[in-house]
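Asker: Attaching a predicted model along with its sequence, questions to come.
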Amino acid sequence: MDQQRHYVGLDVSLETTSICVIDDKGAVLWRGTCASTPDAITAAVRAHAPAAVRVGLETGQLSNWLTLNLRRRGIPIVCLDARHAKAALSLQINKTDANDAFGLAQIVRTGWYREVAVKSMDAQTLKMLLVARAQLVSQRQTIANTIRGLLKTSGLIIARGSKGLFPVRVREQIAGNDVLAAIVEPLLVVWQAVREQIVTLDRQVLMRARTDVAARHLMTIPGVGVVVALAYTAVIDDPARFRHSASVGAYLGLTPRRYQSGEVDHSGHISKCGDSLLRAYLFEAATVLLSRHPRASALKTWGLALAKRIGMRRA
């Protein structure tokens, strides 16, 4: 007699995980919940699915962390693309965590799924550093814009220039106006504190770039700086997972969407799937190369020719 095989679906939330165990015929053997921790999930799977062939969970906030840690514990975990899983799960009449876990178990049993490559802890840590920096840069700009807006209502215009001179120019404008100073000074203090922390994170970014061979190689490309290079290596992580280099563009959401049905066949705007931060950095790098980079290069020549044909924004 063939040994029974088990398939497990995990519907993960921040605190609890719904679990469904089925056999190779699709019959439910056990349903339950546990804490959303690697140890708790491992214990539940080993207790109720000792012959687990595949254990599936969707991409989400905890998916990378859980997948890496469950693999270390010997669990045959598979991380499923949430967009693909949604198509199957949406067929169920009732949307519950238990039903989603059952649906995920059926998906890994049939094999009709697309597995997502889980990034290494090193790539995740690098991405967290870059996200933290981007958040502070955004906050700095937001505070500066708020200050400019407040001063404009009083007819005071702050000239554009070096960010280091911004607080000096603001204080020059509000000198002698106690009412404005009481409102704007707290914002300036926060702006300066945020700027100091950006400098702290920038040091970490530079230190990381010095030890990253791939990033240093990418920085030889005109227009590509430290942040762009590190963001690229963090998102791509393992280049070997792409069969063709052209697949990277689609992975980053830089290829056009296509709609084809019957006699209708047209391409639309870029899909904007994938990592939005890296995509923004790549657009910025392309703009620098085409408009501000002084040196001529084959890449710049090709880019300018493309921009002349289809427009700078699309190029």
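Answerer: Sure, I can see it.
Asker: helices and strands around the strand or helix carrying residue 144, which ones?
Answerer: Under DSSP states H and E, the secondary-structure element containing residue 144 is helix 121-152. Helix 121-152 sits against helix 166-174, helix 178-211, helix 226-236, helix 276-287, with contacts defined as 3 or more C-beta pairs under 8 Å, 6 or more residues apart in numbering; DSSP states H and E. Using the backbone N, CA and C atoms, a C-beta is placed for each residue, glycine as well.
Asker: Which positions within it qualify as buried?
Answerer: Of the residues in helix 121-152, those buried by neighbour count under the rule 16 or more other C-beta atoms under 10 Å are 123-124, 126-127, 129-130, 133-134, 136-137, 139-140, 143-144, 147, 150-151.
Asker: surely residue 67 meets residue 80?
Answerer: No - using C-beta atoms under 8 Å, residue 67 makes no contact with residue 80, being 10.3 Å away.
Asker: tell me the secondary structure for residue 30?
Answerer: With DSSP: H, G, I helix; E, B strand; the rest coil as the basis, residue 30 sits in strand.
Asker: Quick check: bridge partners of it?
Answerer: When bridges are taken as DSSP bridges, the partners of residue 30 come out as residue 21.
Asker: Check the contact between it and residue 50; I expect there is one.
Answerer: No - distance between residue 30 and residue 50: 11.3 Å, which falls outside the contact criterion (C-beta under 8 Å).
Asker: Comparing those two, which residue is more hemmed in?
Answerer: residue 30 (14 against 10; other C-beta atoms under 10 Å).
Asker: List the residues that contact the more buried one.
Answerer: If a contact means C-beta atoms under 8 Å, 6 or more residues apart in numbering, then residue 30 has 19, 20, 21, 48, 49 as its contacts.
Asker: just curious, which of these is nearest to residue 281?
Answerer: Nearest to residue 281 among the contacts of residue 30: residue 19, at 39.1 Å, using C-beta to C-beta.
Asker: Next one, pLDDT for the residue nearest to the spatial centre of the chain please.
Answerer: For the chain, the residue whose C-alpha lies nearest the mean C-alpha position (C-alpha atoms, centre = their mean) is residue 275; its distance is 4.3 Å. As summarised for this prediction, residue 275 has a pLDDT of 92.
Asker: ok, now how distant is it from residue 54?
Answerer: Using C-beta to C-beta, to the nearest Å, one gets 27 Å for the distance from residue 275 to residue 54.
Asker: Then residue 314?
Answerer: 42 Å.
Asker: Please say which of the two ends up with more neighbours.
Answerer: Comparing residue 314 with residue 54 by other C-beta under 10 Å, the one with more neighbours is residue 54, at 20 against 11.
Asker: So the residue lying closest to the more buried one once chain neighbours are set aside: helix, strand or coil?
Answerer: On the basis of C-beta to C-beta, 6 or more residues apart in numbering, the spatially nearest residue to residue 54 that is not a chain neighbour turns out to be residue 108, at 4.1 Å. Reducing the assignment at residue 108 to three states with three-state DSSP gives helix.
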